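Novice: here you go, sequence then predicted model.
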Amino acid sequence: MADVSNKEVVANARLPITTQQTVLMVIIGVVLWFLAANLLRYLGPLGIYEGGWRLFLYAAIIPGTYPFVVMTQKIARLERNQIGIAYSLATAAATLCDGIALAWFPALYGTLPELVAGAGAVILWGAGVGMVLAFVMNRA
């Protein structure tokens, strides 16, 4: 068995996507997060986080996220076996933006604490749904 140093392993440990795809996925993640945050800011005061509307909203996010995973695959020219890891980058970028916004710019989501919490929760749900869809669509 060949003796491989940790330095060689780290040097060869690259993501299975190109630098261009990586940059595109981060940009896509930030843009999709920003669009979702703004949409939720306007929908929140309509009561979408309350009662049956919340259930409808969470259920609608499942099929509503699918086109964005497909669009992302096309924009970044991802192969089927790259979707999961690439979408993970987009989701990481979006989640980081969400964390920063919730901590320092909560007014982006609304004026009341329940609107901020509702929007933050919906964005986290959407991120999780997107990840699940991406890994289901991923083929090795």
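Specialist: Received, thanks.
Novice: center of the chain - which residue?
Specialist: Nearest to the mean C-alpha position of the chain, by Cα atoms, centre = their mean, lies residue 91 at 2.9 Å.
Novice: so who does it touch?
Specialist: Residue 91 makes contact with 29, 127, 130-131, according to Cβ atoms under 8 Å, 6 or more residues apart in numbering. All C-beta atoms are positioned from the backbone trio N, CA, C, and that covers glycine.
Novice: just give the number of residues close to the nearest residue to residue 89 once chain neighbours are set aside.
Specialist: Distance criterion Cβ to Cβ, 6 or more residues apart in numbering; nearest residue to residue 89, sequence neighbours excluded, is residue 25 at 4.2 Å. Around residue 25 there are 26 other residues, counting by other Cβ atoms under 10 Å.
Novice: check contacts around residue 25.
Specialist: By Cβ under 8 Å, 6+ apart, residue 25 lies in contact with 17, 72, 76, 86-87, 89-90, 93.
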